[in-house]
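Engineer: Below are the sequence and a predicted model; questions follow.
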Amino acid sequence: MPPVERSPGEIDLTVANSARIYDFLLGGKDNYDADRQVGEELLKIIPEARIAARQNHLFIARAVRYLVGRGVRQFVDIGAKLPARG
């Protein structure tokens with residue numbers, strides 16, 4: 001039996017969300033069936049989407065490490081994504 005997907009608050013789990021699709025592409029756990037379905041369709045159209053998401057995530061990590069090394073101590077992350085592993 002598949003796990004029951006529960007909605008936190010008023011979130012409609014039948015509608016895909018770009019942040020959760022990105023999480024799916026990164027191999028995360030914070031996505032739902034609708035997100036995975038859209039993610040799979042995206043991969044059919046753009047097979048490199050998973051690689052692009054991972055490379056983007058790695059780039060952000062490198063950029064932050066570089067800036068920290070130059071003395072930057074505060075960051076504002078404005079985006080439509082969930083916190084991701086790593």
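Structural biologist: Now that the structure is in, tell me what you want to look at. Numbering: from 1, shown residues only.
Engineer: quick one: pLDDT of the closest residue in space to Tyr32 that isn't next to it in sequence?
Structural biologist: Counting by Cβ to Cβ, 6 or more residues apart in numbering, Leu13 is the residue found nearest to Tyr32 once chain neighbours are left out, at 4.7 Å. To be clear about C-beta, it is placed using only N, CA and C from the backbone, and glycine gets the same treatment. Leu13 is assigned 89 on the pLDDT scale.
Engineer: Likewise for the one 10 residues further on?
Structural biologist: What the model reports as pLDDT for Asp23 is 93.
Engineer: gap between it and Gln74?
Structural biologist: Distance, Asp23 to Gln74, using Cβ to Cβ, to the nearest Å: 25 Å.
Engineer: The residue nearest to Tyr32 - how many residues pack around it?
Structural biologist: 16 (other Cβ atoms under 10 Å).
Engineer: check which helix or strand covers it.
Structural biologist: Remark: Leu13 resides in no helix or strand, with elements defined by DSSP states H and E.
Engineer: what about Leu43, is that helix, strand or coil?
Structural biologist: Following DSSP: H, G, I helix; E, B strand; the rest coil, we place Leu43 in the helix state.
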